[in-house]
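Enquirer: here is my input, please return the structure:
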Amino acid sequence: MIRFLTRRLSLTLLAVWGALSAVFLVLHSSGDPAVMMAPIGAPPEKVAQLSHALGYDRPLAEQYFSFFGDALRGHFPDSLTFQQPAIEVVLQRLGATVLLAGVALAAAALLALAVGLWTGSREGGGARREWPMWVVFLAQSVPGFYIGVLLVWIFGVRLHWLPTSGATTATSIVLPAATLACGVLPPLARVFRNNLRGELARPYSRTGTALGMSRARVVRHAAYGSLLPTVTVLGLEAGALLGGTVIVESVFSWPGVGQLAVTALQNQDYPLVLADLTFLILAFVLVNLIVDLLYGVLDPRVRHEGRGPR
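Expert: Prediction:
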């Protein structure tokens, strides 16, 4: 168990180092960030003053180590737009994004289990058995922003059932969460359906049927065995949702970190962009670490064999 934890933590630290290094290099690839942050037409002395105040005139290697240490401690310059520490601005928007991602993930997981059970446990039926999965695949083939616009037009503009933007009422979350869930549902449903069919074909399922167990009981045991791979995909999608809310939050004006990132880019708020990207990366890596450790707890073979889930 100690070797398993050590290996996973080492890989996590390596992933954090690589991701933060990539963020630093990308944001410095166009030169001095102070040039982008300064107002249009600002005189060179003002740009130089801003660059010196933020430390961007130091050697690149020194900036890199300073950035890495500050990122791990959560220390970032003040946001140019909000005039307060950038990380505080990100944390103020975090709750809205977590709520949106959590509702979308829960809805997608419940629908995936229902679709997987329907299509993976039924014998025969042909098209009547597979049609829910066809609908799921159709949702996967449509871009998320198009689904969001379509939902706004149907339920907001035409039917006037739900709010189309903001977070003013409890129902404001329905449309953005449904849009996000459409992107998460297909991989969850596919993995659960395929593993359920595999479990039903294993000897213990056939033996249970031969001994007179009801079909529902056999399917229930097979479903338990199919949950582990689904948990892995669920964790990956949970991490991706935290960073994938940018488009959805922009479409629905949802006040989360995704919309904040767009606002920071539009305003050329470099410290806020840096804090937002760093936070999303660390959140993604942390979620995947938790899922990886959870998988090891649920399936001892992963710990003892030293291999990840297949």
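Enquirer: sec struct for L110, please.
Expert: helix (DSSP: H, G, I helix; E, B strand; the rest coil).
Enquirer: and it, how far from F192?
Expert: Using C-beta to C-beta, to the nearest Å, we find L110 at a distance of 11 Å from F192. Glycine gets a C-beta too; all of them are placed from N, C-alpha and C.
Enquirer: who has more neighbours out of those two?
Expert: Remark: of L110 and F192, F192 carries more neighbours, 26 against 13, as counted by other C-beta atoms under 10 Å.
Enquirer: can you tell me which residues contact the residue nearest to that one when sequence neighbours are not counted?
Expert: Excluding the flanking residues, the one nearest F192 by C-beta to C-beta, 6 or more residues apart in numbering is G116, at 3.5 Å. Shown here is G116, whose contacts under the criterion C-beta atoms under 8 Å, 6 or more residues apart in numbering are 188-189, 192-193, 196, 226.
Enquirer: now that we have these, which one has the most neighbours?
Expert: A189 (31 neighbours).
Enquirer: my read: V89 touches Q83, true?
Expert: No. Using C-beta atoms under 8 Å, V89 and Q83 do not qualify as a contacting pair, with a distance of 9.7 Å.
Enquirer: check the gap between the nearest residue to L60 once chain neighbours are set aside and R122 for me.
Expert: For L60, the nearest residue in space outside its immediate sequence neighbours is H28; the separation is 6.9 Å by C-beta to C-beta, 6+ apart. Between H28 and R122 the computed distance is 56 Å (C-beta to C-beta).
Enquirer: same question, I87
Expert: 50 Å.
Enquirer: try E199
Expert: When distances are taken as C-beta to C-beta, E199 and R122 turn out to be 15 Å apart.
Enquirer: same question, S172
Expert: Applying C-beta to C-beta, one obtains 37 Å for the distance of S172 from R122.
Enquirer: more neighbours, those two?
Expert: Set side by side, S172 and R122 show more neighbours around S172, with 19 against 13, by other C-beta under 10 Å.
Enquirer: just the buried residues of the stretch of helix or strand L294 belongs to, please?
Expert: If you go by DSSP states H and E, L294 is part of helix 270-298. For helix 270-298, a neighbour-count test (16 or more other C-beta atoms under 10 Å) marks 270-285, 287-289, 291-293, 295-296 as buried.
Enquirer: now D78: phi and psi?
Expert: phi -70, psi 140 (degrees, to the nearest 10).
Enquirer: so what's it bridging to?
Expert: Note on D78: beta-bridge partners P85, judged by DSSP bridges.
Enquirer: and the closest residue to V291 other than its chain neighbours, backbone torsions?
Expert: In this structure, V291 finds its nearest non-sequential neighbour in G235, 2.6 Å apart by C-beta to C-beta, 6+ apart. Here is the backbone geometry of G235 (degrees, to the nearest 10): phi -70, psi -40.
Enquirer: distance of the residue nearest to F192 relative to M133?
Expert: In this structure, G116 lies at 9 Å from M133, with C-beta to C-beta as the measure.
Enquirer: related to what we said a few turns ago, so what does the helix holding L294 touch, helix or strand wise?
Expert: Using 3 or more C-beta pairs under 8 Å, 6 or more residues apart in numbering; DSSP states H and E as the contact criterion, the elements in contact with helix 270-298 are helix 2-28, helix 33-37, helix 60-73, helix 86-121, helix 215-252, helix 257-266, helix 300-305.
Enquirer: no further questions, thank you.
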